[in-house]
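**Student:** Using only what follows, build the 3D model:
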Amino acid sequence: MDWTRTASGHAQQRPALPPGVVEVLLVGGPPLVLRGVAGVLDEAGGFAPVQADGPAGALETGRKMSTGLAVVSGDHDEALRFLSGVAGPDRDLRVHVLVPEEQPDDMVRLLEAGARGYSAVSVAPPQLLADLRRLVDGEVAISERVVEQLLMRVAKHRPARPTRSGAHLRKREVEVLALVGRGLTRTQIADRLHLSVRTVDVYLQGLRAKLVFDSMADLRRYAARPR
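**Tutor:** Below is the predicted model of the structure:
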């Protein structure tokens, strides 16, 4: 695999990926970090890394990828710009952010913007691969500290007026909400969707925040209502 294939090359016609191989867009820098990530992915197999040709190329390529992964290395503002630029209801590009060090407040901002996970730049290759595979499986890959920070924010979240009628839910959130409406427990939802219970908890707390419910009981009653 030539990991230096650029976004402009990505936009042109290219051979189809073998079944089961996931394309991974590499965004940001420094180049040494992305080269190391590409090497880890190539050695592991099952991934096809492609390097973005600068910020504009990254956005152009990300917008053309309806599925797959993106690994963004750099500061939080750069990652937020990329997330904002590739957001869309018809895309399922799962973004993993590599950061210099773990900062829960900034990580919560990234998760709220649509990131599905993050790792420190110094993460061991086996852990990075495990995190990316969790994203492929539809899970999130975040640390316990970030989960705690997210739950604290949700607990303090008190919008001025209800927004549930206009809330934009992601595909996985809709699936979780439907199972809540059918009376499934956290563990049952995790088993049904092949997620961890911790991941289900994150989705449930996110639903409560978006739909403006103070308790799980209120969320369950709402989910069980006929549509």
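**Student:** if I read this right, Glu139 contacts Thr199, doesn't it?
**Tutor:** Yes - Glu139 lies in contact with Thr199 (C-beta atoms under 8 Å); the separation is 4.8 Å. For the C-beta atoms, the positions are set from N, CA and C on the backbone; glycine is no exception.
**Student:** need the contact list for the residue nearest the centre of the chain.
**Tutor:** Relative to the mean C-alpha position of the chain, the nearest C-alpha, by C-alpha atoms, centre = their mean, is the one of Arg116, at 1.6 Å. When contacts are counted by C-beta atoms under 8 Å, 6 or more residues apart in numbering, Arg116 is found next to Arg94, Val95, His96, Leu135, Glu139, Val140, Ala141.
**Student:** Run through the bridge partners of Val27.
**Tutor:** Val72 (DSSP bridges).
**Student:** so what's it up against?
**Tutor:** Counting by C-beta under 8 Å, 6+ apart, Val27 has contacts Ala52, Ala58, Gly62, Ala70, Val71, Val72, Ser73, Gly74, Phe82.
**Student:** Next: Ala44.
**Tutor:** Leu129.
**Student:** That one and Leu26, how far apart?
**Tutor:** 15 Å (C-beta to C-beta, to the nearest Å).
**Student:** just Gly117 next, same as before
**Tutor:** 15 Å.
**Student:** quick one: average pLDDT of the helix or strand Leu219 falls within?
**Tutor:** Counting by DSSP states H and E, the element that carries Leu219 is helix 216-224. Taken as a whole, helix 216-224 has an average pLDDT of 88.
**Student:** Find the nearest non-adjacent residue to Thr67, please.
**Tutor:** Leaving aside its sequence neighbours, Thr67 sits nearest to Asp92 (C-beta to C-beta, 6 or more residues apart in numbering; 5.1 Å).
**Student:** how many other residues sit next to Ser84?
**Tutor:** 11 (other C-beta atoms under 10 Å).
**Student:** Just confirm it contacts Ala113, I think it does.
**Tutor:** Yes - applying C-beta under 8 Å as the test, Ser84 and Ala113 come out as touching, 6.6 Å apart.
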